[in-house]
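Chemist: Quick one, structure for this:
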Amino acid sequence: MLRLLGILLTVLFAIATAIVVWPQFFQLEQTFPFAQIVAVRGVVLAAFLAIAVLSLLMLFARPLRGFAASILIVALVGAAATGAIGAMRGFGTGSLPEKTDASVRVLTWNTAGEAVSAETIADAILTREVDVVTLPETAESVGERIAVMLREQGHPMWVHHVQFGDVENGPQAWETTILISPDLGDYSVIQSSEDGSSNTSSVPSAVIMPVSGSGPTIVAVHAVAPRVEAMERWQSDLEWIADQCPQGDFIIAGDFNATLDHMAALGVGGGDMGYCRDAASRTGTGITGTWPADYPELIGAPIDHVMATQNWNPTGSLVLDAAGSDHRALVVQLDPAAD
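Modeler: Residues are numbered from 1 along each chain as shown. This next block holds a predicted model:
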């Protein structure tokens with residue numbers, strides 16, 4: 001009886017391991033609780049290693065030796081698979097290559113209201129020579145202060161903004177602010193983003209198009225978090241974001257509240273979200289956690305992204321210190337792809 005119980009537990013553990021490592025295969029990557037578990041692959045890896053160590057200790061108990069050996073093998077396979085996925089996407093904090101005249105640098109930072117000062121954001125923009133900035137949970141007034149500082153330093157940027165609700169002094173989670181260098185041309189937020197007729201469900205995103213029709217369309221993203229009571233809205237937000245990246249010239253950046261695993265069914269033509277490809281995972285920082293910032297990078301969730309269509313080649317990415325926010329910032333360099 002004990003042997004049959006051991007076999008049953010081993011089989012169940014093997015099934016659970018397969019689901020946790022690759023929920024996409026079972027179409028469970030957007031289902032509670034697997035969506036939450038796969039978001040923190042560093043924690044999953046640590047859990048598999050802990051189970052492996054416990055199994056090693058159980059090997060010293062003769063009656064449990066067969067069961068312990070089976071669990072050990074499954075745990076090591078799970079750890080190896082999780083580690084391999086992490087290695088392919090990248091565990092590092094990254095770096096940026098030398099910027100060329102054709103390069104575009106994009107910064108995204110959920111600032112948690114004014115937890116990050118305008119001065120700190122302006123300094124990050126200047127230091128990294130950023131051209132496009134998306135700031136979920138940031139008021140327009142903060143963006144304007146940043147723009148004034150940048151102008152005084154010879155780095156002018158235009159401020160764009162969307163907001164849900166008309167409540168004065170409402171929470172900055174209802175706002176998203178975008179700054180774009182005039183070197184990219186004149187831009188304007190489309191009407192459906194401003195009036196909310198086509199947008200993410202609970203916190204605002206924005207589609208900003210070049211007025212001249214020349215240049216990339218910028219999509220500033222803020223999806224709702226996948227809490228138990230918000231799973232359907234979260235899934236709808238991810239579908240909306242993917243729809244904003246058809247074929248063409250698009251850059252999308254922001255707080256997706258989702259990792260690459262959650263996007264498995266949303267990519268088209270080699271993209272991760274629609275036709276857009278994730279920059280961090282192609283430049284060595286795809287597993288580095290951007291939230292929550294008070295956790296080490298390796299056990300956080302990489303939910304902040306910069307993505308672009310295939311006319312852009314990601315050549316570097318850098319995860320920055322949170323400086324008071326609950327999110328780390330992400331800077332990406334995009335260079336025109338070779339024809």
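
Chemist: Run a quick neighbour tally on Asn64.
Modeler: Wrong residue type there; residue 64 is Leu, not Asn. Residues near Leu64, counting by other CB atoms under 10 Å, number 16. Just so you know, the C-beta spots here come from the backbone N, C-alpha and C atoms, and that holds for glycine as well.

Chemist: and it, what does it touch?
Modeler: Gly6, Met58 (CB atoms under 8 Å, 6 or more residues apart in numbering).

Chemist: is it fair to say it lies in a strand?
Modeler: No. Leu64: not assigned to a strand; according to DSSP: H, G, I helix; E, B strand; the rest coil it is helix.

Chemist: Tell me who's in contact with Leu135.
Modeler: Contact analysis of Leu135 by CB under 8 Å, 6+ apart lists Thr108, Trp109, Asn110, Thr111, Ile121, Val142, Gly143, Thr176, Thr177, Ile178, Leu179, Ala220.

Chemist: Which strand residues bridge it?
Modeler: Taking DSSP bridges as the rule, Leu135 bridges to Thr177.

Chemist: Please tell me how far it sits from Trp109.
Modeler: Shown here: Leu135 relative to Trp109, a distance of 6 Å by CB to CB, to the nearest Å.

Chemist: Find residues that contact each of these two.
Modeler: With CB under 8 Å, 6+ apart, Leu135 and Trp109 have common neighbours Ile121.

Chemist: any idea which of the contacts of Leu135 has the most stuff around it?
Modeler: Going by other CB under 10 Å, Thr176 tops the contacts of Leu135 with 33 neighbours.

Chemist: Wait, it touches Pro136, no?
Modeler: Yes. Counting by CB atoms under 8 Å, Pro136 is a contact partner of Thr176 at 5.1 Å.

Chemist: Mind listing the shared neighbours of the two?
Modeler: By CB under 8 Å, 6+ apart, the residues touching both Thr176 and Pro136 are Val203, Ala220, His222, Gly254.

Chemist: Which residues are in contact with the first one?
Modeler: When contacts are counted by CB under 8 Å, 6+ apart, Val203 is found next to Pro136, Glu137, Phe164, Ala173, Trp174, Thr176, His222, Ala223, Val224.

Chemist: Local confidence estimate at the closest residue to the fourth one other than its chain neighbours?
Modeler: This means Ala173. Excluding the flanking residues, the one nearest Ala173 by CB to CB, 6 or more residues apart in numbering is Glu137, at 4.9 Å. pLDDT, Glu137: 94.

Chemist: Next one: Glu137 from His327, what distance?
Modeler: Glu137 is 9 Å from His327, where distance means CB to CB.

Chemist: So the two - more neighbours on which side?
Modeler: For the pair Glu137 and His327, the greater number of neighbours falls to Glu137 (27 against 24), based on other CB under 10 Å.

Chemist: Sort out for me which of the contacts of Leu135 are in strands.
Modeler: Thr108, Thr176, Thr177, Ile178, Leu179, Ala220 (DSSP state E).

Chemist: Which pair in the contacts of Val203 has the greatest spatial separation?
Modeler: Trp174 and Ala223 (14.1 Å; CB to CB).

Chemist: ok, those two, which is more surrounded?
Modeler: Neighbours around Trp174 and Ala223, counted as other CB under 10 Å, are more numerous at Ala223. The numbers are 27 against 18.

Chemist: quick one, what contacts that one?
Modeler: With CB under 8 Å, 6+ apart, Ala223 has these contacts: Thr200, Val203, Ser205, Trp234, Asp237, Leu238, Ile241, Asp255, Phe256, Asn257, Ala258.

Chemist: go again using 6 Å as the cut-off
Modeler: Applying CB atoms under 6 Å, 6 or more residues apart in numbering, we find Ala223 in contact with Thr200, Asp237, Phe256, Asn257.
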